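1. Pasted the sequence and its predicted model underneath.
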Amino acid sequence: MARRLRIGIVAGEASGDILGGALIKALRHHFPEAEFSGIGGPRMLEQGFHSFFPQERLAVMGLVEPLKRLPELLRIRRFLRRHYTENPPDVFIGIDSPDFTLTLEGWLKEVGVPTVHYVSPSVWAWRQKRVHKVARSVDLMLTLFPFEADFYRDHQVPVTFVGHHLADAMPLDPDQSAARRELNLAEDARVIALLPGSRASEVERLGPLFMQAAAWCLKQNPKLQFVIPAANPLRYRQLHHQLAGYTELPIQMVHGQSRTVMAAADVVLMASGTTSLEALLLKKPMVIAYRMAGLSFAILKRLVKSPWVGLPNILAGEALVPELLQKDATAEKMGRALMTYIDDPSAARLLTERFYQLHRTLRQGASERAAEAVAELIRSRRGELETADEGVL
């Protein structure tokens, strides 16, 4: 009896677990009897996945925490290397977490295991020489964005653009009315959402600036309303403390619900980050702003090759939305950019049309496309092995 097909997967974070669970489900359409093992979270476990370690053992962030946990992380990776070398899977898939998974993929590729990496590291933006490690480590890269696939093709790395799972999950036509009802906002209100980030340092730098921008806008239009979603209880307390200096502002604070807040808004002022993709998919005009320590910004400016920091602009290949960084992130400049969308509905409509186009580009059925690409790699490798065996005979 032929052995069951084995697929190894390592997903080190909650976002990877979401991708991994959907990928396993899609792969079962190709290989119903396949066995899946490695490291994953609850969504992967729901699909019959066997995790050798709890996923949270890999979920470390920041600079100090990974160093403190380094011995454990290295032990886990050595275990996986030994296990998959002694029990070679038909394919190994690393989902994101490139610092952990790419080295493991390289080891396994050296011993003949086909390797896939799902979610590209940002080699197109900075430290581009990492693409050479990627080329040595993977047989196939699966990217969420089309410009990433173009970058890998330029460097002769096998790649498939599969699209983004958020673009699949979020409707093309968001329901602003439902979001406003959930937040008790009037249907005809003019609403600006303020999202100064989820980290304490971001909120410390950007929270007061965003509130100053809101005060500037309120002077131009006294009927404006503002909503701030706090990422967690700590950020709620931090923002609440900052708001004590802006008692004149009609600002509603909510716990979490950032997507609902953006859906309810007419325009969004946000810190640079992945939330800009959600705003794009919600078809919301936005202004991206950010400030960091001057030395850190100077270093990043030398390292980063992309002319933009916001995903809407990177995806479009042009400055679709304003990016106000460092000294440009002033209350007046942010306010003027926000009021452009409030005062000029035609500008907002043109931007919304572009966002629809970008949403459709990313809406590819990511899990199914990823599963098809992995299945094709498995079948092609099996075909190569069968041809080699026939040659020996």
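-> Okay, I see it.
2. Give me the neighbour count for residue 352.
-> 13 (other C-beta atoms under 10 Å). Every residue, glycine included, has its C-beta placed from N, CA and C.
3. give the contact list for it.
-> 283, 285 (C-beta atoms under 8 Å, 6 or more residues apart in numbering).
4. Report the secondary structure element holding it.
-> Taking DSSP states H and E as the definition, residue 352 sits inside helix 345-362.
5. Buried residues of that helix, list them for me.
-> By neighbour count on 16 or more other C-beta atoms under 10 Å, the buried set for helix 345-362 is 348, 351, 354, 355, 358, 359, 361, 362.
6. Pipe the residues you listed into TSV and attach pLDDT and distance to residue 375 per row.
-> Formatted as TSV, the buried residues of helix 345-362 follow (pLDDT from 0 to 100; distance: C-beta to C-beta, whole Å):
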residue	pLDDT	distance to residue 375
348	92	43
351	94	38
354	96	34
355	97	32
358	97	28
359	98	27
361	97	24
362	97	22
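7. Could you save those as CSV and add columns showing distance to residue 312?
-> Output for those, formatted as CSV (distance: C-beta to C-beta, whole Å):
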residue, distance to residue 312
348, 14
351, 9
354, 8
355, 7
358, 7
359, 11
361, 12
362, 11
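8. Tell me the one among these nearest to residue 51.
-> residue 362 (29.3 Å; C-beta to C-beta).
9. The residue nearest to residue 77 when sequence neighbours are not counted: neighbour count?
-> Excluding the flanking residues, the one nearest residue 77 by C-beta to C-beta, 6 or more residues apart in numbering is residue 104, at 5.7 Å. Look at residue 104: counted by other C-beta under 10 Å, it has 23 neighbours.
10. Following element in sequence after the helix or strand of the chain with the lowest mean pLDDT, please.
-> Ranking every helix and strand in the chain by mean pLDDT, DSSP states H and E puts helix 294-303 at the bottom, with a mean of 64. Counting by DSSP H and E, the next helix or strand C-terminal to helix 294-303 is helix 311-316.
11. how far is that next one from where the chain is centred?
-> 13 Å (C-alpha atoms, centre = their mean, to the nearest Å).
12. other SSEs contacting that helix?
-> In terms of contacts (3 or more C-beta pairs under 8 Å, 6 or more residues apart in numbering; DSSP states H and E), helix 311-316 is packed against helix 146-154, helix 275-281, helix 345-362.
13. Tabulate these (CSV), appending distance to residue 235.
-> Formatted as CSV, the helices and strands packed on helix 311-316 follow (distance: least, C-beta to C-beta, whole Å):
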stretch, distance to residue 235
helix 146-154, 31
helix 275-281, 13
helix 345-362, 27
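14. right, and the ones you listed - which one's nearest residue 228?
-> Closest among these, once you apply C-beta to C-beta, is helix 275-281, at 13.1 Å.
15. Extract the C-alpha set from the next helix or strand after the closest one and format it as PDB.
-> Per DSSP H and E, the first helix or strand lying C-terminal to helix 275-281 is strand 286-290. Only the C-alpha atoms of strand 286-290 are listed here, as PDB (Å, rounded to 0.1, in the frame of the first residue of the first chain):
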ATOM      1  CA  MET A 286      -7.100  58.100   3.900                       C
ATOM      2  CA  VAL A 287      -4.200  60.200   5.000                       C
ATOM      3  CA  ILE A 288      -1.100  58.200   6.200                       C
ATOM      4  CA  ALA A 289       1.100  59.900   8.700                       C
ATOM      5  CA  TYR A 290       4.100  58.800  10.800                       C
END
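16. Since that was my last question, I'll sign off now.
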